[in-house]
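>>> sharing a model prediction with you, sequence too.
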Number of protein chains: 4
Amino acid sequence: MDPFAFPPRTAALREKLLAFMDAAIYPNEERYIEEAAACPPWNSEEGWQGSGVVELLKPRARSQGLWNLFLPQSEHAPEGLTNYEYAPLAEIMGRVHWASEVFNCAAPDTGNMETIERYGTPEQKEQWLVPLLEGEIRSSFLMTEPDSASSDATNIECDIRRDGDEYVINGRKWWSTGAVSKRCKLFIVMGKTDRNADVHHQQSMILVPSDTPGCKVERNLTVFGYDHAPLGHGEVTLTDVRVPVGNLLLGEGRGFEIAQGRLGPGRIHHAMRSIGAAERALELMCRRLAERVTFGERIVDHSVWQERIAESRMMIDQARLLTLKAAWMMDTVGNKAAQAEIAMIKVVAPKVSTQVIDWAIQAHGGGGVAQDTPLPMMYADQRTLRIADGPDEVHRRSVAKLELRKQGIDPRPRR
Amino acid sequence: MDPFAFPPRTAALREKLLAFMDAAIYPNEERYIEEAAACPPWNSEEGWQGSGVVELLKPRARSQGLWNLFLPQSEHAPEGLTNYEYAPLAEIMGRVHWASEVFNCAAPDTGNMETIERYGTPEQKEQWLVPLLEGEIRSSFLMTEPDSASSDATNIECDIRRDGDEYVINGRKWWSTGAVSKRCKLFIVMGKTDRNADVHHQQSMILVPSDTPGCKVERNLTVFGYDHAPLGHGEVTLTDVRVPVGNLLLGEGRGFEIAQGRLGPGRIHHAMRSIGAAERALELMCRRLAERVTFGERIVDHSVWQERIAESRMMIDQARLLTLKAAWMMDTVGNKAAQAEIAMIKVVAPKVSTQVIDWAIQAHGGGGVAQDTPLPMMYADQRTLRIADGPDEVHRRSVAKLELRKQGIDPRPRR
Amino acid sequence: MDPFAFPPRTAALREKLLAFMDAAIYPNEERYIEEAAACPPWNSEEGWQGSGVVELLKPRARSQGLWNLFLPQSEHAPEGLTNYEYAPLAEIMGRVHWASEVFNCAAPDTGNMETIERYGTPEQKEQWLVPLLEGEIRSSFLMTEPDSASSDATNIECDIRRDGDEYVINGRKWWSTGAVSKRCKLFIVMGKTDRNADVHHQQSMILVPSDTPGCKVERNLTVFGYDHAPLGHGEVTLTDVRVPVGNLLLGEGRGFEIAQGRLGPGRIHHAMRSIGAAERALELMCRRLAERVTFGERIVDHSVWQERIAESRMMIDQARLLTLKAAWMMDTVGNKAAQAEIAMIKVVAPKVSTQVIDWAIQAHGGGGVAQDTPLPMMYADQRTLRIADGPDEVHRRSVAKLELRKQGIDPRPRR
Amino acid sequence: MDPFAFPPRTAALREKLLAFMDAAIYPNEERYIEEAAACPPWNSEEGWQGSGVVELLKPRARSQGLWNLFLPQSEHAPEGLTNYEYAPLAEIMGRVHWASEVFNCAAPDTGNMETIERYGTPEQKEQWLVPLLEGEIRSSFLMTEPDSASSDATNIECDIRRDGDEYVINGRKWWSTGAVSKRCKLFIVMGKTDRNADVHHQQSMILVPSDTPGCKVERNLTVFGYDHAPLGHGEVTLTDVRVPVGNLLLGEGRGFEIAQGRLGPGRIHHAMRSIGAAERALELMCRRLAERVTFGERIVDHSVWQERIAESRMMIDQARLLTLKAAWMMDTVGNKAAQAEIAMIKVVAPKVSTQVIDWAIQAHGGGGVAQDTPLPMMYADQRTLRIADGPDEVHRRSVAKLELRKQGIDPRPRR
């Protein structure tokens, strides 16, 4: 086996995926933007109904076998790919910010599907997993809260209280990606069922149909100036929301355990998509620099730009190798043994992508910050990833502590 | 004289300005955002009519003598401040992106007013300078073009051809700040009157009423997703636009000369506003870090954040001193002798502000990229300044060449 | 007064100093290196006797009035310069690492002279200040200790115990610059006289003739391989060293007070010399790049190098302005009010100089790290300044705390 | 096969090597330094005779099979390792700057042995390769010249002229590592045999016994302040040096071809040793930070240092993966196909190591720049690697050009 070549199944799917990108994604980039711009206000009667072009392309993708590729081997995906096999495909999808959904491989649905697949009851799977796998509905993950530092998950305040055969949920969540869309039918909510339990067993996860009374999307969060229509990031309140006890996932107090289990694959997907975005930006940068002449010379021939092209290539290639290593470790020795690598790619990948995109913006001049290129939206997305799911600082701290432990140093001395 | 103290007139105005900011600007930040969000589409019938809150505050600012402070001593401003005196006031206005207009000190009107003041005929002044100084109308500066590298102004393609008593103008401009607003009544257009003249005498500047037939705002450019309503950045076409010959500024072939003359003060204003934005971001960052506790410690007590606070302070103070030096030199020895310093602050100030704002974003977590803080818009604006009016690379190149010359090295060897 | 011009006395001395550098310092650089290389082992019989070329040039410098310029106005220096006036002269001296001594302006003698001048008795001045001012002897300052973190001066362990009419001193010091030289006749030693006093009154400073029994230079510390002959940095043990009680400076428990008082001017001198070193490196870099041709083009015409030249100029000019501001504040409002600025230049100046020197090394290729240029020794010296007298981290922490306090945030919350 | 695990042979040798480092290398570090410091002047009668401790350890290393591991499979090394297999072993050796020689794996001998093995005649092998493989003699590679930019090898000026049965060599070389030592018996010299040939066929390589009349070591180059005794870097003149025609390698005009062939493996070795140095520095940094307490807290618990530890780990792991990929490609698809990767690791590895070592220096305070730690010498060595064998700028340029070509952009337009 060639350690640096694509695994056989990946190689085959990659060809198909690249062809699909060329045939159906890139040519529709402008259309997607136009559709998004034409969306009515998110809080209007009609609201956001999803993207026409994405819906149009889904059957085509599915018919080519480019569907649910993210899903690991299981009952629903007997041919499921490993993380290591899927990663290079996620990279390619990451080249266009809306492409993943065409292949039913978009966050947060991917993580939600994995969660239900792994921890759900047969009834929960029947009700929610099937339509999600079909791409018929979308879902949102309600974890982060505006009033507690997302870097410390034990801070979560959302309340899930049992009352007879029901759970009553009260809380305020934000950065609930997708929750603003009318197509979002399911919320997976993290909250506390027992504040007296030890710190890692206070929390539970529960399935909440998005139309349950008491669920309210308060507003759509913008990212830099983007509203991310027709998907959006919601701030959602849950006020005396009641769902049957059967909606609980896995059991009371097991929310942390589920969160941990769901964590790894998403990190791989995000990191690889970041790398894909960086590759795209590098490509756009090179082309632009080759077209532009100032003071009698193509800009691409200026050494200052060649330095940046080279630095981009070096950063991207290194980040990809690290991510693939993390994926391989997850597949072979598990999330726990791979925790340093998973934390590292969380930091490294968006750091690389924001830097490369920033240079690409600079290379494009005025068009680099405007709607003429996908670059400013790419920057906004990638910049957000340095905050989402724990800021860089938290992950670097984890990496440092694992390093110290490896060297026999207790990261926090007993005092 | 204390070289590091505020000049007396500045000190007095500064107190008044700071009080005004506290009393009238900061409390209206949310309102401004709401008004901007409620603007109808720029290209609707009604269009963008300017900001209500700005109009409301203008008379109040004016009544306190906080009006047209940017304007150097002249017939219209017998009490005019020097660049060195005005600079610290521009910094304060820069703390809120829309504040300058309240004091009739906003670009591009400031540069346009200076241009007409310095180079206009009495008739031109009567018609355009007076209402601009009154804050009754606004104006736009049409220089940059989408199809020519803005880093090399000789590339400009817009055509200004004499035809009898009129000039006929044809061209495409973009990044015409303010042109999208209905309140914008005047375009100052740069174009070529003689392509056979030597490279620095081909260009002219001309006054074009924005409602002249043939002027068309094609679209509004977004900046990282922001539409900058109700001001905007226009892409404007000029198709057989006819204006009387009397609208020419200074004379045919003198466009470059005017552009040079107008250049310096604007650079000071921009740099000081960038510094003001950086100060604001630093303040927001410190406050946020002091409020937030993770793992039992205020984030502001983490050394990694104290390092960033310190680096911010060091960068800001240095950039301010350099900008003040540039302003002083402009006032005393002129733009030409100050050209290295002017080029340096063009690079340094937005570099500092983008870095400090980026840290502030990180300190705020999710709110740092969303509409909950002014930070992402500040970032978008400051990032754009590294491209606008010539990208960093061009200005660093100028600095390097001046340095080499100083050391007796001919920057371009004859071959 | 022109806030950005040299003060009149500085301007006059500067001309003389520049001429002296050209006539007598630069032409002797190679000779100094050769003499240094020819020094016998520091611990041989003969030991290090100082530099011949420096001694040769001293009378010449003195005869031109370029002598003891560092000394502030006082009985011994009725014409003394302010810090603000002296700073630009220190910069010039800093261009060659051994030049300051020629003008009797070299550390640590400067600090030691100021200390005795300000805090010494008439007898102490007669015995030590006079020969130091004459440049007849040299001195060392014994503060830092190998076993205690230099970033926290309260850690100092050296013991000074009164025994009748004498003090008995026991301790181990290192980085005692100049102590290795045979010409060093005086140690100023910091140690604890009372471990029961409050933390800032445990320490005292005392004058110790270097030939007192019990004083022993254990070794010479190298700096990136340089032994810094004939000056050196000593590790010194003091074993039952006895000196008369009259040798104590100012009084028991006042060591901290003296250390504070001596602190500021030295920081200005160091920062300005760092800036001088950076200017020298930039000059060497530009010349080298202009001489060298690869792939048919002078390297100086490559944009990547022009970027570095420009960045160097921007960093240097900003650091200089900040240092001058710190000097001005020290002169006018005192060390205490200037503490943020003094901490900032401690960080900024060597950061700038190491970066510029590093680029200059890169520009020189192999010669850049070898004895063919002064660059690697300059790098070693400047890199050390980021550690000496408190590492960067400590000073950034101070800057951050002052910033927080300014914003009404208590840097350490009461718990 | 596990793509991220050590290959089986590597795993076994690695255990032995790690044990050897623990048992025999680290415990002798101080002794090596002392021996080096006690060397007589390089140009004295006795000169530099090599390191006693290295000679002492060689038989021990050899007896354990830790000998000539660098050598690829061949007649002399039937069990030779691939580059991919050897790389992790080079990393370990790189943890101590003199360790490689103990295993007969030190540059420049490794490159010289490979060269003779691959291109030498049986007689050349018998005379030189055998004693080199036995570790009985050492050798030097004379390529770089002081008067030509090393970044453009076609600039080489050394003259090799045929005269009957001899070649007559005239030139000046520098950075001839090892040439200063008395144990160096062989020079491999690159020079021009035909200035009229096309640019890549003017050069040849030739074997020159170091005691041939006309060979003279003019001086030893220092690196920062290190003389690198007892090895050194020589500046060597060749004046009418005559050797038999049989000493030519491969054939006239084939010097470039040999240089290319020899290039790759050395790059892998250097990069991996840099990574080893970085790992060592990280380890020293962590230990030191854990021992030191300031302001009541271990320094290792400060987040600013945890950030640096994490950044170090991320940079090191990424650089290692990239180097292993380059090694794998060299083994499987050859130097040519791997040229981008080889150029990238040339830039990346010493960039990482200098950064990590610099942080480690800072963590150590005064001891970090002095002889108390191996860090300043490690810094000096690694910094030099950013210049040696072509400066970073040249390699980044190569990477950029390959990138552009990959994207269908001709890196130099025809004009």
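In hand now; what should we look at? Residues are numbered from 1 along each chain as shown, chains lettered A, B, ... in the order given.

>>> mind listing what residue A:382 touches?
If a contact means Cβ atoms under 8 Å, 6 or more residues apart in numbering or on different chains, then residue A:382 has A:274, A:277, A:350, A:353-354, A:357 as its contacts. C-betas here are computed from N, CA, C, even on glycine.

>>> filter the residues you listed to the buried ones?
Taking 16 or more other Cβ atoms under 10 Å in any protein chain shown as the criterion, what is buried in the contacts of residue A:382 is A:274, A:277, A:350, A:353-354, A:357.

>>> on that earlier part again, pLDDT added to the contacts of residue A:382, as TSV?
Compiled in TSV, the contacts of residue A:382 are given as follows (pLDDT from 0 to 100):
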residue	pLDDT
A:274	98
A:277	98
A:350	98
A:353	98
A:354	98
A:357	98
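
>>> restricted to strands, list these.
Residues of the contacts of residue A:382 located in strands (DSSP state E): none.

>>> between the buried ones among the contacts of residue A:382, which sits nearest residue B:140?
Proximity of the buried ones among the contacts of residue A:382 to residue B:140 (Cβ to Cβ) peaks at residue A:357, which lies at 29.5 Å.

>>> just the buried ones among the contacts of residue A:382 now: which is nearest residue C:134?
residue A:354 (60.4 Å).

>>> where do the strands sit along the stretch 1-150 of chain A?
Counting by DSSP state E, counting those that start in this stretch, the stretch 1-150 of chain A has strands at residues A:138-142.

>>> and the residue of it nearest chain D?
residue A:3 (3.0 Å; Cβ to the nearest Cβ).

>>> quick check, that residue in contact with residue D:328.
Yes - with contact taken as Cβ atoms under 8 Å, residue A:3 and residue D:328 are classed as touching, separated by 6.4 Å.

>>> quick one: low-confidence ranges for the stretch 251-400 of chain A?
The stretch 251-400 of chain A contains no residues with pLDDT under 70.

>>> redo that, cut-off 80
A:263, A:294-296 (pLDDT under 80).

>>> which residues of it lie near chain C?
When proximity is defined by Cβ under 8 Å from any Cβ of the partner chain, the stretch 251-400 of chain A lies next to chain C at A:302-307.

>>> so which of those also contact chain D?
Answer for these near chain D (Cβ under 8 Å from any Cβ): A:303, A:305-307.

>>> quick one: the helices in the stretch 151-300 of chain A?
All helices of the stretch 151-300 of chain A, identified by DSSP state H, counting those that start in this stretch, fall at A:255-291.

>>> mind checking how far the residue of it found nearest chain B is from residue A:369?
Here the stretch 151-300 of chain A gets closest to chain B at one residue, residue A:225, 3.0 Å apart by Cβ to the nearest Cβ. Going from residue A:225 to residue A:369 by Cβ to Cβ, to the nearest Å gives 11 Å.

>>> anything in contact with each of the two?
B:223-224, B:380.

>>> specify which member of the residues you listed is nearest to residue A:314.
Distances from residue A:314 to the shared contacts of residue A:225 and residue A:369, taken as Cβ to Cβ, are shortest for residue B:224 (26.9 Å).

>>> between helix A:255-291 and the helix or strand residue A:324 falls within, find me the angle.
In this assignment (DSSP states H and E), residue A:324 forms part of helix A:303-332. With axes from the mean of the first three to the mean of the last three Cα atoms, to 10 degrees applied, the angle from helix A:303-332 to helix A:255-291 works out at 150 degrees.

>>> fine by me, thanks again.
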